[in-house]
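J.: okay, predicted coordinates and the sequence, questions at the end:
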Amino acid sequence: MTDQVREIAQCLSHGGVVLLPTDTVLGLAVSPQHTAAIDRLYRLKHRPRDKNLPIMVANADQIGTLGARITPSAQTLLSSPFVPGALTIVFGLDPARAPEWLAGRDEIALRIPNDAWLLAVLRETGPLLVTSANRSGAQTPGTADEAAAQLNGTPDLIVAGTGHQATPSTIVNCRVTPARIERLGAVSEADIATIIEGLS
């Protein structure tokens, strides 16, 4: 584990908010175990509380610990060349298997990033809540300094750098049949359609 990965993991495990580069746009990350950190993230972004935060995981094993209902379309996408990568999948949630911090939610949006050091952080911390590093409704700035300047306050740790892509991940809802694209991003509609037939 590198010093940078250790620093990020320690900050998150102690309830910090971290601004960091991802394989798509810059992100804000918190541990789901720290309610105060989640509250701060919402305030930093001016994000409405009725908008749930997406989750990043290191691998499919971590998905299994969250109680996700893995439909055939979700399994197909998980096995595709876009995972790990810029593809967020929406799963239904089995409350009997879900951890306490997901209480009250009936779905989760999950992504496995395609970035070696970010995966190392996730292996160290477990699943993280990660959302784009911008004020709600605004474009995500290109650099960490620009993103920090846009926020309503200052994260506990700012990792210098830029996002690897200018656009966020594509979101595909696999709770519904056929699966449906909810946000077009770095993975195109045509790419998704080649994997899942009957996509509306």
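T.: Arrived safely, thanks for sending. Residues are numbered from 1 along each chain as shown.
J.: how far does the helix or strand encompassing Thr194 sit from the chain's center?
T.: Thr194 belongs to helix 189-195 when assigned by DSSP states H and E. In terms of Cα atoms, centre = their mean, to the nearest Å, the centre of helix 189-195 is found 21 Å from the chain centre.
J.: which other helices and strands contact it?
T.: helix 72-78 (3 or more Cβ pairs under 8 Å, 6 or more residues apart in numbering; DSSP states H and E). C-beta: built from backbone N, CA, C; applies to glycine.
J.: how far away from the center of its chain is the helix it packs on?
T.: 18 Å.
J.: and what of stretch 51-60?
T.: The answer for stretch 51-60 is 4 Å, by Cα atoms, centre = their mean.
J.: who touches it?
T.: 22, 29, 32, 38, 41, 63, 66, 78, 88, 105, 107-113, 118-119, 122-123, 127-131, 136 (Cβ atoms under 8 Å, 6 or more residues apart in numbering).
J.: partners of the top strand by length along the chain, with directions?
T.: Taking DSSP state E as the criterion, the chain has its longest strand at strand 87-93. Strand 87-93 pairs in its sheet with strand 68-69 (antiparallel), strand 107-111 (antiparallel), strand 170-173 (parallel), by DSSP bridges.
J.: and of those strands, who's closest to Thr154?
T.: With Cβ to Cβ as the criterion, Thr154 lies closest to strand 107-111 of the strands paired with strand 87-93, at 25.5 Å.
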